[in-house]
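>>> For reference, the sequence and a predicted model appear below.
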Amino acid sequence: MTLELPESDVTVHTLELMEFRFPELVFQTRVSAGTYVRALARDIGEVLGTGAHLTALRREAIGSLRIEQAVSLELLSTETPILTPLSVLGHLPRIELSEAQVTDVGHGRAAQIQPEFTSSGSVAGVGAGDRLIAVGRVEDKLFRPEVVLEPAES
């Protein structure tokens, strides 16, 4: 059985050779969303006529998050401050939720919102005190939660 992979357009913003010791090389790249770096290595090897595959892959950034902001597993159990969920999703539009809406959303129900709020993508639903309650979408004047991070108390 032959597996046919669909072609997709990607953008390689940078590709820098960091180290070369035959037959291995280390490179660093910055690519568009949806790019499979393993496939990029395969394609480069194909063009060079040598074949290629990855033996290691390290993501150093995604969106506004950088590896320099990472906290080691050992430090997670200490008082070392980590990023709040809302700061990680700070690029999303926010919708402020009343306590009644927080209860609805916490139970996974849609919440009625102001008609002037529009968004075509993901939205952060935020409660009092900048609490990230859920991430969802706005449709038909409703905030529809897709991932609830602070469930309502039973």
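Nice, thanks for sending it over. Keep in mind the model is a prediction, meaning the values are calculated, not measured.

>>> Where does pLDDT dip in the protein?
In the prediction, the chain carries residues with pLDDT under 70 at positions 80-81, 154.

>>> which stretches of it form helices?
Along the chain, counting by DSSP state H, helices occupy 37-48, 73-76, 85-88, 99-106.

>>> want to try a markdown table for the ones you listed, with distance to residue 118 and mean neighbour count as columns?
In short, each C-beta sits where N, CA and C put it, glycine included. A markdown table is the format used below for the helices of the chain (distance: least, C-beta to C-beta, whole Å; neighbours: other C-beta atoms under 10 Å):
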| stretch | distance to residue 118 | mean neighbour count |
| --- | --- | --- |
| helix 37-48 | 35 | 14 |
| helix 73-76 | 38 | 9 |
| helix 85-88 | 21 | 15 |
| helix 99-106 | 17 | 18 |
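
>>> Adding distance to residue 131 as columns, could you present these in TSV?
Shown next, in TSV, are these (distance: least, C-beta to C-beta, whole Å):
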stretch	distance to residue 131
helix 37-48	36
helix 73-76	21
helix 85-88	8
helix 99-106	8
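
>>> out of the ones you listed, nearest to residue 151?
Closest approach to residue 151 among the helices of the chain is made by helix 99-106 (5.0 Å; C-beta to C-beta).

>>> what about the nearest residue to residue 69 once chain neighbours are set aside, how many residues close to it?
Distances taken as C-beta to C-beta, 6 or more residues apart in numbering put residue 83 closest to residue 69, at 6.7 Å, once the chain neighbours are dropped. Residue neighbour count, defined by other C-beta atoms under 10 Å, stands at 13 for residue 83.

>>> For residue 83, give its distance to residue 141.
Here the distance between residue 83 and residue 141 works out to 32 Å (C-beta to C-beta, to the nearest Å).

>>> Does residue 15 touch residue 27 like I think?
Yes: contact criterion C-beta atoms under 8 Å: residue 15 and residue 27 qualify, at 6.2 Å.

>>> Compare neighbour counts for these two and give me the winner.
Neighbours were counted for residue 15 and for residue 27 using other C-beta under 10 Å; residue 27 has more, 16 against 12.

>>> That one against residue 16, yeah?
Yes: between residue 27 and residue 16 there is a contact at 6.3 Å, judged by C-beta under 8 Å.

>>> Since that was my last question, I'll sign off now.
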